[in-house]
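S.K.: A predicted structure for the sequence below; I have some questions about it.
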Amino acid sequence: MKMAFQQELWQPKELDVATDQLTRTEEKKELRIPAERAQSVGQTVGKPFVDNPRMICREVNVYYGDKHAIRQVSLDIARHEVIAMIGPSGCGKSTFIRCLNRMNDTIDGCRVTGQILLDGQNIYDRQVDVVPLRAQVGMVFQKPNPFPKSIYDNVAYGPKIHGLARNRSELDQIVEISLRKAGLWEEVKDRLSQSGTSLSGGQQQRLCIARTIAVGPEVILMDEPCSALDPIATGKIEELIDELRQQYSIAIVTHSMQQAARVSQRTAYFHLGDLIEVGQTDQLFTMPRHKLTQDYITGRFG
Amino acid sequence: MLTPATIVIAILLLTAAAYRIGVRRSLSVAGGAQAIRVLHSRPPYYGVLTALWCALPALLVLALWQALAGGVITHLVKADLPPEMRALSPAQFSLVINDIKNIINGDVPPDRVSPAIQTAAEHYRRLQQISHLAAAAVVLSLAILGLALVRGRIHTGLRARNHVEQLVRWLLAACSTVAIFTTIGIVLSVLYEALRFFKAVPVLDFLFGLEWSPQMAIRADQVGSSGAFGAVPVLAGTVLISAIAMAVAVPIGLMAAIYMSEYAGKKFRAVAKPLMEILAGIPTVVYGFFAALVVAPFIRGIGQALGLDVSSESALAAGLVMGIMIIPFVSSLSDDMINAVPQSLRDGALGLGATRSETIKQVVLPAALPGIVGGVLLAVSRAIGETMIVVMAAGLTANMTLNPFKAVTTVTVQIVTLLVGDQEFDSPKTLAAFALGLLLFAITLGLNIIALKVVRKYKEQYE
Ligand SMILES: Nc1ncnc2c1ncn2[C@@H]1O[C@H](COP(=O)(O)OP(=O)(O)OP(=O)(O)O)[C@@H](O)[C@H]1O
Ligand SMILES: [Mg+2]
């Protein structure tokens, strides 16, 4: 109840501010505001908020010891959308995405402030248990990291620890469905007992996606999932992401702007810990509002 | 007097000079310090090259000379001895040579031995002097020759740097072969003595005999057993104590490692790790008297309170303390192995919602298992070879028992007791020590090879 209340409280207010600012900018400056001013204002250009979001992030700050890695980021993640996070190396994309399922908890000296709500529940609340949270918000990493177990056990691992299957045949079913969704079933159905590490890089990454799907998440976070893959494997994963969008919300970090353009509906541009601009992907790539965004996507970023 | 030591000092002085000469020569070839750019290498390399060619051949020849000269001199002296002495058996003859050497070294006044030996000693001394003189002449001229040759060849195109690189490489290779050859030498000598033992006692009797009592009658009229050399009871003692030690060390060491690498904060680790290493640095003799004076009476007391028959030297006491000694070994090896498991695997499990201990139990440990097994095998081979603790706490009687409250003996303890004190070096009793040594060596070697293979394979998996 309390959470639902908070959600209502937050959303409209912020939305107003955002649209307000947007219109103001457009009136006064016609196009974009200079970098210095945007940073001094510390606000995000574009439309960081959506109706009926799956996740809501408000004024999120992340510190590694003294280092302020993420500054005042507010952003929504909609249902059934793929949101791409782009930005130069070290700008905090991984840091931000890792906040969304509290993977940062595992890092010594990492501190997160602000609010991140999943379906209205603040995931940084003291009484929130990270274990079910991470089942709800799954994560696929940059380097494929299958466990040194069989393909079957890789996928079955999550359902087992969360007790999602009552018996062996249910587990078999979950494994098959997950592998099918990840587009890997046809390739591995005859060798489920082989080690997951014996697969090719692209297959391993799809196995990791299957493993994530198997626990029935609502949101899937992907941190550069294709950076270790060749174009063909990348293509397969991108198709997969597009299909998964029907059921899940997906946040994907990528260094490839083409990839962002291909798979995402919205794109967020980060710069040195600030969320600079958020917008519809086609709009952001064709008509960026912020100078920094424009510099980055036209390759002028130094 | 001219001794090998003085020759070495002379060579070193020459070498120092050679370095300076090389540097100077290269500078003059280049035409002054401003023009060193025309040289292929910087001047110190020319100096080092000259010095190495001056020192290395000379030292090598000197070493060879020293190794061979003794034999040659002995041979010459023998040829000059009176016929009746030449006819002596090799063993007695070696005594004569010993006398001669003692006289030369001044350990024995010359008037205590026969005139024949006195003349022989005189002869020996003369030959030795000649040998030293000749060595000095040959070696020093070799050093100067090397120096001169290199100096003559120094020109601007001489690639001194590359040559030095080559020489250094050879030097390093030579040093590493020293270790290898020492090992081979030790193994061969143990093997040789063990084979002598196996002439007296058949191999199979030794390996599978169930009785061990190495006391033998030295004189024919002495009362005593004829000696039984079955290694099984001794080996059983070693196995029992090692098993107890591992039962202590593996769980504690492994869990300590897990805590250290997965849970402990930076500060705790900074304090605890060095403490563990201190535990590893305690001399085994200290563990030994800890076992004999503290743990053994304690166990005996508990046993008596419970109405158990515990001997004052029990396998349990020795095994427990040995286990404590091995904890740091196991934990630091396991720590390495656990740290070698990539963080990405942990992230993967945590990202699926596994708790930390689930992650460790189901992902990290299975992944690290081969490495940990390898580490444990290395620890076993240490336990088997450990001597001091068992000498002090385990006992001497070779009981064939699995009862940890009884005194047992181990291979290492038997080796020590067989060799301590005055011994005849060709009785089976003494030679048995070598056979036991060989057995021990074979076991630990086997364990180590397996362990290293396992560990290497494991590490490759994550490279
Ligand atoms: N564990 C950590 N401890 C301290 N600082 C960190 C840690 N991880 C990241 N940082 C810092 O936080 C900032 C953001 O890092 P992050 O990994 O989020 O960047 P990124 O945008 O993902 O970069 P890339 O595109 O290279 O992956 C960087 O300046 C980095 O140095
Ligand atoms: Mg990153």
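M.R.: Looks like it came in fine. Ligands and ions are numbered 1, 2, ... in the order given.

S.K.: report pLDDT for B:Leu13.
M.R.: Note on B:Leu13: pLDDT of 95.

S.K.: what's the burial count for it?
M.R.: B:Leu13 has 11 neighbouring residues, counting by other Cβ atoms under 10 Å in any protein chain shown. Any C-beta I mention is one placed from the backbone N, CA and C, and that applies to glycine too.

S.K.: check the secondary structure at it for me.
M.R.: Following DSSP: H, G, I helix; E, B strand; the rest coil, the label given to B:Leu13 is helix.

S.K.: show me what contacts it?
M.R.: Going by Cβ atoms under 8 Å, 6 or more residues apart in numbering or on different chains, B:Leu13 touches no other residue.

S.K.: neighbouring contacts of stretch B:415-431?
M.R.: Contacts to stretch B:415-431, defined as Cβ under 8 Å, 6+ apart, come from residues B:193-194, B:196-197, B:200-201, B:214-216, B:218, B:227, B:229, B:387, B:391, B:396, B:432-433, B:436-437, B:440.

S.K.: those in helices, which ones?
M.R.: B:Glu193, B:Ala194, B:Arg196, B:Phe197, B:Ala200, B:Val391, B:Ala432, B:Ala433, B:Leu436, B:Gly437, B:Leu440 (DSSP state H).

S.K.: quick one: the strands in the chain?
M.R.: Let's take chain A. Taking DSSP state E, the strands of chain A run over residues A:45-46, A:53-64, A:67-78, A:82-86, A:110-118, A:121-122, A:137-140, A:219-223, A:249-253, A:266-271, A:274-280.

S.K.: chain B is the one I meant
M.R.: For chain B, applying DSSP E gives strands covering B:212-213, B:228-229.

S.K.: nearest to ligand 1, of these?
M.R.: The closest of these to ligand 1 is strand B:212-213. By Cβ to the nearest ligand atom, the value is 60.3 Å.

S.K.: note down every partner strand of that closest one and its orientation.
M.R.: If you go by DSSP bridges, strand B:212-213 pairs up with strand B:228-229 (antiparallel).

S.K.: could you report the neighbour count for B:Gly446?
M.R.: When neighbours are defined as other Cβ under 10 Å, B:Gly446 has 12 of them.

S.K.: got it, and B:Val48?
M.R.: For B:Val48, the count of nearby residues is 21 (other Cβ under 10 Å).

S.K.: so it sits against B:His163, correct?
M.R.: No - counting by Cβ atoms under 8 Å, B:Val48 stays clear of B:His163, with 9.2 Å between them.

S.K.: what about the residue nearest the centre of chain A, distance to chain B?
M.R.: Nearest to the mean C-alpha position of chain A, by Cα atoms, centre = their mean, lies A:Ala251 at 2.3 Å. In this structure, A:Ala251 and chain B are 14 Å apart, going by Cβ to the nearest Cβ, to the nearest Å.

S.K.: and the stretch 101-250 of chain A, which of its residues are near chain B?
M.R.: Contact residues, the stretch 101-250 of chain A versus chain B (Cβ under 8 Å from any Cβ of the partner chain): A:101, A:103, A:106, A:108, A:130-135, A:138-139, A:141, A:143, A:145-149, A:157-158, A:161-162, A:197, A:208, A:211-212, A:215.

S.K.: tell me the bridge partners for the nearest residue to A:Leu284 once chain neighbours are set aside.
M.R.: Once flanking residues are discounted, A:Leu284 sits nearest to A:Thr267: 4.8 Å by Cβ to Cβ, 6 or more residues apart in numbering or on different chains. Counting by DSSP bridges, A:Thr267 is bridged to A:Ala84, A:Gly279.

S.K.: need the contact list for A:Thr267.
M.R.: A:Thr267 touches A:Ile83, A:Ala84, A:Met85, A:Ile86, A:Ala260, A:Val278, A:Gly279, A:Gln280, A:Thr281, A:Leu284, A:Phe285, counting by Cβ under 8 Å, 6+ apart.

S.K.: same thing with B:Lys406?
M.R.: Contacts for B:Lys406 were tallied using Cβ under 8 Å, 6+ apart; they are B:Ser311, B:Ser314, B:Ala315, B:Asn399.

S.K.: which outside residues touch the helix or strand of chain B at the bottom of the mean pLDDT ranking?
M.R.: The weakest-scoring helix or strand in chain B, judged by mean pLDDT, DSSP states H and E, is helix B:83-86 (a mean of 77). Outside helix B:83-86, the residues that touch it by Cβ under 8 Å, 6+ apart are B:Lys78, B:Ala79, B:Phe93, B:Val96, B:Ala116.

S.K.: before we move on, the earlier item: for the ones in helices among the contacts of stretch B:415-431, which one is nearest chain A?
M.R.: Nearest to chain A among the ones in helices among the contacts of stretch B:415-431 is B:Leu440, at 35.8 Å by Cβ to the nearest Cβ.

S.K.: so that closest one versus ligand 1, what's the distance?
M.R.: Distance, B:Leu440 to ligand 1, using Cβ to the nearest ligand atom, to the nearest Å: 49 Å.

S.K.: ok, how many other residues are close to that residue?
M.R.: Using other Cβ under 10 Å: B:Leu440 sits among 24 other residues.

S.K.: could you do the one 10 residues further on as well?
M.R.: Burial measure for B:Ile450: 15 neighbouring residues, criterion other Cβ under 10 Å.

S.K.: kindly report the same for B:Gly307.
M.R.: Neighbour count for B:Gly307, taken as other Cβ under 10 Å: 6.

S.K.: and if you look at the one 4 residues further on?
M.R.: The number of residues packed near B:Ser311 is 20, by other Cβ under 10 Å.

S.K.: the closest residue to B:Ile97 other than its chain neighbours: neighbour count?
M.R.: Excluding the flanking residues, the one nearest B:Ile97 by Cβ to Cβ, 6+ apart is B:Thr74, at 5.9 Å. Residues lying near B:Thr74 (other Cβ under 10 Å) number 18.

S.K.: got it, and the one 4 residues further on?
M.R.: Burial of B:Lys78, expressed as a neighbour count using other Cβ under 10 Å, amounts to 15.

S.K.: do the one 3 residues further on as well
M.R.: Residues contacting B:Leu81 under the criterion other Cβ under 10 Å number 19.
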